[in-house]
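S.K.: can't give you the sequence, but here's the structure:
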């Protein structure tokens, strides 16, 4: 428990990181409880098209007379869900790849690193677009596509961490007592290599949310789900007359991504106190 | 160019072969994983998707051959720069892409230029006033821009500069139907380029400003800076010609690594500003479900990024004389 407390004490010192965490918790709560408390269906036509924000429709209505607030709340679920799941999948896969490459070295390392570099080179957003277009835009497919283009950076970092650890005395000790490789990798090295990986994974949620919003802006969102990017895409057609309709979901993305970035930096400072130079 | 550099370029060009092969392989796998092949799609469009007719088409396209053989055919076609035909636009995919590539490259180059110039300057200014209010303002703005979806920023810039102020065009690359002299045309394109390049560049400017600031602070701690100051050089000269030149290297490295990312971003920005480049082509291909064209774009844009990386490596050698291409 003392480790957790020490971590919290360091995190607490960073006021912007605490602010980011507060905002992030608020956004998550809104996304979870919002649609449950505010029961308007985001696909229902509830008023005239493009109504200005008013007491009845707090954020106004969109081009098809749908309630924008309902869209914001439901869209938050989709954006956060895809962001977290894609980042999680990419982290697990990237970690596995990087751990194997770093721990074993040699040919398997070469192969994995060539693959990683390849995926880092090709335009990731274009690849994501192609993947979603080929496999049809469902929440699952979008999540997988984002994970496919996101794992290489984790793999590269994990490899570097494992290379730095693999010849340390405690690892040699484990080998000497005949501990199996998988146990050394997961139970011995991983806890030591974890802090920078946690930071990168948490920051990846922000990137994933931005990627998802870009995809759904292009019309590659799940047709059965509202998302923030989709709302911006819809509002684009009436930008000249009702700019606020595009502004609101964009601000939500901005606030969410900013909060995640601040939390990520806070984690970085709190988890890697020795690296904190600037 | 000396002999070492020529050999370096030659070797790097050779290294491109496996990368291009890998891109081709990925493309082939994606084609095969897509539901329905070219024969299905074409037969569907011709309106008589009988089994016999589809089989006939499949034979014609060689889709009934074993996978390995199909792959060899595919690679052989790519080697002659044959990316197939866009069934919907009735034109070779490569022609369609090459037609649009210059506009995208113009947008990318301008955006990265804007990003590096403004990011580096802001980073240097912030580092020189570390902890002051200028530094704080730059840091906060950079954080905000870094969290903003660029396509949305573009829309908001249109609202402000095109709709409210009526200063800049909201889309397109030039005025249509106006006969212009070359100089007027260049000016017109530049006028249309301002908003999209700014939109695309700002995100990277934010990253480079933060990186440049950190890099400057690190360089400031080194001995040669103390020497420069001890010589009595003015602080401005120390910052710009001694510290900044060395602090620039991580920025150039990162910019080189982000070329693929930049190209992806330009696809979104082109859609926002109706910029007639690859992004618009992607958008059209998506609307018409033209998978062959999409895959062609993925292939060509990957090759472009790989080639651009080679250029960055050469540039890197020029910036840092310690690097020799052995």
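M.R.: Arrived safely. Bear in mind that the values here come from a model prediction, so they are computed numbers and not experimental data. Numbering: from 1, shown residues only, chains lettered A, B, ... in the order given.
S.K.: so which strand or helix has the residue in chain A that chain B sits nearest to?
M.R.: With Cβ to the nearest Cβ as the measure, residue A:125 is the residue of chain A nearest to chain B, at 2.6 Å. Placement of C-beta: from N, CA and C, glycine included. Taking DSSP states H and E as the criterion, residue A:125 maps to helix A:124-135.
S.K.: Which residues are in contact with residue A:68?
M.R.: Going by Cβ atoms under 8 Å, 6 or more residues apart in numbering or on different chains, residue A:68 touches A:53, A:57, A:59-62, A:231, A:245, A:248-249.
S.K.: and the helix holding residue A:125, what does it pack onto?
M.R.: Contact partners of helix A:124-135 among helices and strands, from 3 or more Cβ pairs under 8 Å, 6 or more residues apart in numbering or on different chains; DSSP states H and E: helix A:139-166, helix A:190-217, helix B:3-33, helix B:259-273, helix B:278-287, helix B:291-319.
S.K.: how about the helices in the chain?
M.R.: Answering for chain A, as no chain was given. Remark: helices assigned in chain A by DSSP state H are A:2-13, A:15-37, A:68-104, A:106-121, A:124-135, A:139-166, A:169-176, A:181-183, A:190-217, A:228-235, A:243-271.
S.K.: think we crossed wires, I meant chain B
M.R.: According to DSSP H, the helices that chain B contains are B:3-33, B:38-46, B:51-61, B:67-79, B:93-128, B:133-146, B:150-157, B:182-220, B:223-230, B:235-237, B:245-257, B:259-273, B:278-287, B:291-319.
S.K.: Dump those helices to a markdown table, plus distance to residue A:150, mean neighbour count and mean pLDDT.
M.R.: Shown next, in a markdown table, are the helices of chain B (distance: least, Cβ to Cβ, whole Å; neighbours: other Cβ atoms under 10 Å in any protein chain shown; pLDDT from 0 to 100):
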| stretch | distance to residue A:150 | mean neighbour count | mean pLDDT |
| --- | --- | --- | --- |
| helix B:3-33 | 16 | 14 | 81 |
| helix B:38-46 | 30 | 16 | 66 |
| helix B:51-61 | 35 | 14 | 72 |
| helix B:67-79 | 28 | 13 | 80 |
| helix B:93-128 | 22 | 20 | 89 |
| helix B:133-146 | 17 | 16 | 88 |
| helix B:150-157 | 18 | 23 | 91 |
| helix B:182-220 | 17 | 20 | 85 |
| helix B:223-230 | 38 | 13 | 81 |
| helix B:235-237 | 42 | 11 | 79 |
| helix B:245-257 | 15 | 17 | 82 |
| helix B:259-273 | 12 | 25 | 88 |
| helix B:278-287 | 20 | 22 | 84 |
| helix B:291-319 | 17 | 19 | 81 |
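S.K.: I'd like those helices laid out as TSV, including distance to chain A.
M.R.: Below are these laid out as TSV (distance: least, Cβ to the nearest Cβ, whole Å):
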stretch	distance to chain A
helix B:3-33	5
helix B:38-46	12
helix B:51-61	18
helix B:67-79	15
helix B:93-128	10
helix B:133-146	7
helix B:150-157	4
helix B:182-220	6
helix B:223-230	16
helix B:235-237	20
helix B:245-257	7
helix B:259-273	3
helix B:278-287	6
helix B:291-319	4
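S.K.: Looking at those, which is nearest to residue A:113?
M.R.: helix B:3-33 (13.2 Å; Cβ to Cβ).
S.K.: quick one: that closest one to helix B:291-319, angle?
M.R.: Comparing the axes of helix B:3-33 and helix B:291-319 via axes from the mean of the first three to the mean of the last three Cα atoms, to 10 degrees yields an angle of 160 degrees.
S.K.: list the helices and strands helix B:3-33 packs on?
M.R.: Contacting helix B:3-33 under the criterion 3+ Cβ pairs under 8 Å, 6+ apart are the following elements: helix A:106-121, helix A:124-135, helix B:67-79, helix B:291-319.
S.K.: I'd like those laid out as CSV, including distance to residue B:134.
M.R.: Listed next are the helices and strands packed on helix B:3-33 as CSV, based on distance: least, Cβ to Cβ, whole Å:
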stretch, distance to residue B:134
helix A:106-121, 35
helix A:124-135, 34
helix B:67-79, 52
helix B:291-319, 27
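S.K.: of the helices and strands packed on helix A:124-135, which approaches residue A:11 most closely?
M.R.: Checking the helices and strands packed on helix A:124-135 against residue A:11 by Cβ to Cβ gives helix A:190-217 as the closest, at 12.1 Å.
S.K.: now the closest one, how far from the centre of its chain.
M.R.: Centre-to-centre, helix A:190-217 and its host chain are 4 Å apart (Cα atoms, centre = their mean, to the nearest Å).
S.K.: ditto for stretch A:159-172
M.R.: That offset, for stretch A:159-172, works out to 28 Å (Cα atoms, centre = their mean).
S.K.: wouldn't the residue of chain A closest to chain B be in contact with residue B:264 here?
M.R.: Yes. When contacts are counted by Cβ atoms under 8 Å, residue A:125 is listed as touching residue B:264 (2.6 Å).
S.K.: any residues touching the helix holding residue A:125, and which ones?
M.R.: A:141-142, A:144-146, A:148-150, A:211, A:214-215, A:218, A:220, B:30, B:33-35, B:260-261, B:263-265, B:267-268, B:282, B:286, B:289, B:291, B:294-295, B:297-298, B:301-302.
S.K.: and it with helix B:259-273, angle?
M.R.: Using the same axes, to 10 degrees: helix A:124-135 against helix B:259-273 is 70 degrees.
S.K.: I'd like the average pLDDT over helix A:124-135.
M.R.: What helix A:124-135 shows for mean pLDDT is 89.
S.K.: just stretch A:20-40 next, same as before
M.R.: Stretch A:20-40 comes out at a mean pLDDT of 84.
S.K.: Pull out the buried positions in that stretch.
M.R.: For stretch A:20-40, a neighbour-count test (16 or more other Cβ atoms under 10 Å in any protein chain shown) marks A:20-21, A:23-24, A:27-28, A:30-31, A:34-35, A:38, A:40 as buried.
S.K.: want to throw the residues you listed into a markdown table with distance to chain B?
M.R.: Below are these laid out as a markdown table (distance: Cβ to the nearest Cβ, whole Å):
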| residue | distance to chain B |
| --- | --- |
| A:20 | 10 |
| A:21 | 15 |
| A:23 | 11 |
| A:24 | 12 |
| A:27 | 13 |
| A:28 | 16 |
| A:30 | 18 |
| A:31 | 17 |
| A:34 | 21 |
| A:35 | 22 |
| A:38 | 24 |
| A:40 | 24 |
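S.K.: near chain B, which residues of the stretch 51-200 of chain A?
M.R.: Contact residues, the stretch 51-200 of chain A versus chain B (Cβ under 8 Å from any Cβ of the partner chain): A:118, A:120-131, A:133-135.
S.K.: Any idea how far stretch A:58-72 is from the middle of the chain?
M.R.: Relative to the centre of its chain, stretch A:58-72 is centred 26 Å away, using Cα atoms, centre = their mean.
S.K.: again with stretch A:36-49
M.R.: 28 Å.
S.K.: Sort out which of the contacts of residue A:68 are buried, if you could.
M.R.: Buried among these (16+ other Cβ under 10 Å): A:57, A:59-62, A:231, A:245, A:248-249.
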